[in-house]
Each structure stands twice: as structure tokens, then as C-alpha cells.
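**Student:** Just to be clear, the model below is a prediction. Sequence and coordinates:
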Amino acid sequence: MADAGSVIKKGVTIELEGKVYRVEDFQHVKPGKGAAFIRTKLKDVINGGVVEKSFRPAENVDTAHVERTVKQYLYQDDDFYHFMDAETYDQVDMVHEDVEEEMKFVKENENVTMLSHDGKIFAVEPPLFVELDIIDTEPGFKGNTATGTFKPATVETGAVVQVPLFVNQGDKIKIDTRTGEYLSRV
């Protein structure tokens, strides 16, 4: 148990009123009158519901024990993403809609981290950075090195990212999976 002001950060899992929530967003608010407070958006890790709650900075908050396990992403079909534990060969399926956003930059056979509480998996974390091939983009032209100018490019997983004008189809690029931003050519 710790103060809300020191515990509440994006991605932290807390126990509140018998339920387990993951902090999706938070904001420290200092009104002109009255005491400061922390406004949060919390996602229930079991049923996926989202609630908004405010905390006083000195209020006690319990952090939830979250287990992290590494799984290999195998493939996806119409309804599920399929993963495997490399040590036990046990397979885990996640509903497409639950992890679609997290999986848009992950290739088959790459490792991801699965987060669970009391044996129930509630989130998938992709690697922080991935290297992917560009499969479709407008061609670059010699001299297109202007900084701050971007064009859309489709990578091998099907996701679309904004890349500089000099990046061509067939190039391999590095992407930050947290933001979806282009980092560099590889």
C-alpha cells in the first residue's frame, strides 16, 4: 500500500474495491481553490470495462501483483491470436479485438510479454522496438531529404506508419511499438 501520488502511472495495475484495474491514463489536477487530485481512467482487467476515478495524492492505493511471462506469437486467424510458451509448449489464445492494437507491429514467431493476474491474462506487451520491411509506399526521389515531411508506408504486418520521403519500398525500418513512430532505416 502506498500513496496514490507515487503509485499511479500509466500501465500500473492496482486493486480497488475488490477489482483489479490497469491505469490507462492519468492527470494531476491542481485547481485554483481546493486540494490537488489525480484524475484517472482505469480499465478493469477482467471484464474490460473503463471507469474514471479521482484520488487524493495522499490516499492509499494497493498495487496488484502482475505476473509477466514470455510467449511466442504463432499466428492469427479470424477470431484469435495464438501464442505458445516456449518451455512447456502450452498454447494460449487471445481474442482478436482484445489485443489487435498491441499486435499490429508483431511478426509471427516473435516473443511478446503476457501480463496476468491470478492466472487470467489481461494484456499483451509487444517488444519495445521492431524491425519491419516496407511492402508498399510511394517511391522516394533523389533529393527528398527534407526533415519533417512524411508519407504513409505499409509494413509487412499490414500496419501503416508515417516515414520520411527518402524511405522506399523494400527498405527495412525500425519502429517504436509504443507510439507507432518510425525511428530509422536498418
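**Tutor:** That came through, no problem.
**Student:** can you list the weak-confidence ranges in this structure?
**Tutor:** 1, 140-147 (pLDDT under 70).
**Student:** ranges for the helices of it?
**Tutor:** Assigned by DSSP state H, the helices in the chain fall at 4-7, 96-99.
**Student:** Turn those into TSV, columns for mean neighbour count and distance to residue 72.
**Tutor:** For every residue, glycine as well, the C-beta is placed using N, CA and C. Below are the helices of the chain laid out as TSV (neighbours: other C-beta atoms under 10 Å; distance: least, C-beta to C-beta, whole Å):
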stretch	mean neighbour count	distance to residue 72
helix 4-7	16	32
helix 96-99	16	15
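**Student:** can you redo those as JSON lines with distance to residue 176?
**Tutor:** Compiled in JSON lines, the helices of the chain are given as follows (distance: least, C-beta to C-beta, whole Å):
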{"stretch": "helix 4-7", "distance to residue 176": "26"}
{"stretch": "helix 96-99", "distance to residue 176": "18"}
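**Student:** Does residue 121 touch residue 94 like I think?
**Tutor:** Yes: in this structure, residue 121 is within contact of residue 94 by C-beta atoms under 8 Å, at 6.9 Å.
**Student:** Could you pull out the buried residues of stretch 8-27?
**Tutor:** Neighbour counts over stretch 8-27 (16 or more other C-beta atoms under 10 Å) mark 8, 12, 13, 14, 16, 20, 21, 22, 23, 26 as buried.
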